[in-house]
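> Need a 3D model of the following:
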Amino acid sequence: MADWPIVFLDNMTLVRDRIAIITASKGNVTIATFITTIKFMQQGIKGINETTTRAAAVKVWAKKMGVKIRDVYWTLGEYDGVLIFDATNDEAASAMLLHLGNMGNVHTTTCRAYTAVEMDKILAKTHVD
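Purely as a prediction, here's the structure:
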């Protein structure tokens, strides 16, 4: 997966940093955005000097799993970091997070994130007559 370009979908709706993959047999595949909070585990704290190197490695192998890490932030407060990433499906996101957790450096909590356009589509489905 290369960097995803700006594209227009659904009657000229601008979508940045994600692309609908179009295949003749399957139609549009939506790219889902996820936000993950991170807490360092003991092993991650012991190796804190390698945290940026590990983050760069995560970006490389996540890409091979169908996941694009958009941003990594180290934070102050309740969480030690935040990942923002796009995945082609829930299975790719889950596999990437399981692999990350299996490394033993961090504990993660993840939620699905929606843009305003995506939320409007969801809200439209709540109005059932």
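> contacts, neighbours, all on C-alpha from now
Fine.
> In terms of pLDDT, where does Ile31 sit?
Ile31 carries a pLDDT score of 89 in this model.
> quick one: it from Glu50, how far?
Counting by CA to CA, to the nearest Å, the gap from Ile31 to Glu50 is 30 Å.
> How about the contacts made by Met96?
Taking CA atoms under 8 Å, 6 or more residues apart in numbering, we find Met96 in contact with Ala62, Met65, Val67.
> Point out where this protein drops to low pLDDT.
With pLDDT under 70 as the threshold, the chain has low-confidence stretches at 1-29, 129.
> ok, and the closest non-adjacent residue to the spatially most central residue of it?
Nearest residue to the geometric centre of the chain (CA atoms, centre = their mean): Phe85, 2.0 Å. For Phe85, ignoring the flanking residues on the chain, the nearest one in space by CA to CA, 6 or more residues apart in numbering is Ile69 at 4.2 Å.
> The one you found: neighbour count?
Using other CA atoms under 10 Å, Ile69 has 20 neighbouring residues.
> quick one, strands of the chain?
7-9, 13-15, 21-23, 27-29, 32-40, 67-74, 81-87, 106-113 (DSSP state E).
> Neighbours of Trp74, how many?
For Trp74, the tally of surrounding residues (other CA under 10 Å) stands at 13.
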